[in-house]
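Undergrad: turn this into a model:
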Amino acid sequence: MKVLFICRQKTKTNISPFVKSQALSLQNEGLTVDFFLIKKSGVFGYLRSIFELNSFTKKKDYDIYHAHYSFSGYVASFARKKPLIVSLLGTDVIQSSFSRLILRIISNIFHWKHIIVKSDEMKNLLKINKIEVVPNGVDFNTFYPINKKKARLILNWDLNEKIILFNGSKSNPIKNYKLAYNARNLCDQKIKIVEIKNLNQEELNLYYNACDLFLSTSHWEGSPNTIKEAMACNTNIVSTNVGDVNYLFGKEKYNHVCPFDPGIISSAINQSLIVKKDSNEGRQRLIQLSLQSTDVARKIINLYQKLWKEKSKV
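TA: Take a look at the predicted model:
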């Protein structure tokens, strides 16, 4: 089966790491996955991409077109690419009722075969038929536990310093750094906050393992990849109650879900800092949920095969 992924090109990493990881997991299951990259943003960038996509596909036919993010789906729709599956990642659904309205209109006009969302919250907000909840999986070969001391020595971090790893860039308003900063200042001890910014996958794995705690104070998320990556490293986590975080944590007692209250978050941080990382069983929890990348790949392949059979009957 030949699949074309349609997605935005990132400035430094070229392709979003989780999209690239999903493609690799599908390739490992025997599928052919190519990429069409939307290189320019803005109205004219996306309009030009419609013609570029049609030109790109003149030379090769695909069984499935799979767009990632809403605007990539719009490009594929206006280019008349079928059968089309669109994966929505969170912000394009949760942030705005207007964006949800546009999604409903476009998906109906162009008869999107299926929409993949990352959480039940996204599904309930969209209220569109043919929605599949398929959270992104985690590559356990990329994200795995490492001794904290070893990880800190590699990164040249102070072995005695208390370090919180923050979920993203401090300048990203969605990540809500102000809440993290205020909660940190209420803690019982001096703590350094390190942001996730411009890291490759190998570096990110070291950061998860070297920190004392992973902190997410986002205003909203779908099914946050960073939470699952930290869980795969058995890192202690404190998170606001967004997306499917409650479901991901389950009864894992060393990970905390908190309201948007700096006092409650600081209390959870204090509790987490006295727990040894070896006690956390986040990785095992992901295995129970079948959120390894190979399990997720098989769910997506089943969806592809269903569409392929429908296409063959036409």
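Undergrad: what's stretch 121-134 in contact with?
TA: 88, 90, 93-94, 100, 103-104, 107-108, 112-120, 222, 243-244, 296, 299-300, 303 (Cβ atoms under 8 Å, 6 or more residues apart in numbering). (Glycine included, C-beta is placed from N, CA and C.)
Undergrad: let's see it at 10 Å
TA: 22, 85, 87-90, 92-94, 97, 100, 103-104, 107-108, 111-120, 220-223, 242-244, 247, 296, 299-300, 302-303, 306 (Cβ atoms under 10 Å, 6 or more residues apart in numbering).
Undergrad: would you mark the buried spots in that stretch?
TA: By 16 or more other Cβ atoms under 10 Å, the buried positions in stretch 121-134 come out as 121-123, 126, 131-132, 134.
Undergrad: quick check, nearest of those to V257?
TA: The shortest approach to V257 among these belongs to E121, at 13.8 Å (Cβ to Cβ).
Undergrad: and the closest one, its phi and psi?
TA: phi -60, psi -40 (degrees, to the nearest 10).
Undergrad: number of residues surrounding I64?
TA: Around I64 there are 25 other residues, counting by other Cβ atoms under 10 Å.
Undergrad: wait, V257
TA: V257 has 16 nearby residues by other Cβ under 10 Å.
Undergrad: could you do E29 as well?
TA: For E29, using other Cβ under 10 Å, the count is 13.
Undergrad: check whether it really touches T294, as I assumed.
TA: Yes - counting by Cβ atoms under 10 Å, E29 touches T294, with 7.5 Å between them.
Undergrad: re the thing from before, among the buried residues of stretch 121-134, which ones are in strands?
TA: 131-132 (DSSP state E).
Undergrad: turn the buried residues of stretch 121-134 into TSV, including distance to N234.
TA: TSV is the format used below for the buried residues of stretch 121-134 (distance: Cβ to Cβ, whole Å):
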residue	distance to N234
E121	26
M122	27
K123	29
L126	33
I131	32
E132	29
V134	24
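Undergrad: what segments of the protein are strands?
TA: 2-8, 32-38, 64-68, 84-87, 114-117, 131-133, 163-166, 192-195, 213-216, 237-240, 256-258.
Undergrad: now do the third one and strand 2-8, the angle between them.
TA: Between the axes of strand 64-68 and strand 2-8, defined by axes from the mean of the first three to the mean of the last three Cα atoms, to 10 degrees, the angle is 20 degrees.
Undergrad: do the same with the second one
TA: Strand 32-38 and strand 2-8 meet at an angle of 30 degrees, taking the same axes, to 10 degrees as the criterion.
Undergrad: next, the buried residues of strand 32-38.
TA: Neighbour count says strand 32-38 has 33, 35-38 buried, by 16+ other Cβ under 10 Å.
Undergrad: now for Q305, how many residues are close by?
TA: The burial count for Q305: 13, using other Cβ under 10 Å.
Undergrad: swap that for P224, please
TA: Neighbours around P224, by other Cβ under 10 Å: 26.
Undergrad: show me what contacts the nearest residue to it once chain neighbours are set aside?
TA: The shortest distance from P224 to any non-neighbouring residue, by Cβ to Cβ, 6 or more residues apart in numbering, is to G243 (5.7 Å). Counting by Cβ under 10 Å, 6+ apart, G243 makes contact with 90, 94, 118-122, 135, 216, 218, 220-224, 227.
Undergrad: now G243: phi and psi?
TA: Phi and psi for G243, reported as degrees, to the nearest 10, are phi 50, psi -130.
Undergrad: how near is it to G250?
TA: Distance from G243 to G250, counting by Cβ to Cβ, to the nearest Å: 14 Å.
Undergrad: any of the contacts of G243 buried? List them.
TA: Taking 16+ other Cβ under 10 Å as the criterion, what is buried in the contacts of G243 is 90, 94, 118-119, 121-122, 135, 216, 218, 220-224, 227.
Undergrad: tell me what the worst-scoring helix or strand of the chain on mean pLDDT is packed against?
TA: One helix or strand of the chain scores below all others by mean pLDDT, DSSP states H and E: helix 91-94, with a mean of 78. If you count contacts as 3 or more Cβ pairs under 10 Å, 6 or more residues apart in numbering; DSSP states H and E, helix 91-94 packs onto helix 70-78, helix 97-109, strand 114-117, helix 120-126.
Undergrad: if we use 7 Å, what do you get?
TA: Counting by 3 or more Cβ pairs under 7 Å, 6 or more residues apart in numbering; DSSP states H and E, the packing neighbours recorded for helix 91-94 are helix 120-126.
Undergrad: average pLDDT for the helix it packs on?
TA: The average of the pLDDT scores along helix 120-126 is 87.
Undergrad: before we move on, what about stretch 37-47?
TA: Stretch 37-47 comes out at a mean pLDDT of 85.
Undergrad: ok, now stretch 254-264?
TA: On average, the pLDDT along stretch 254-264 is 94.
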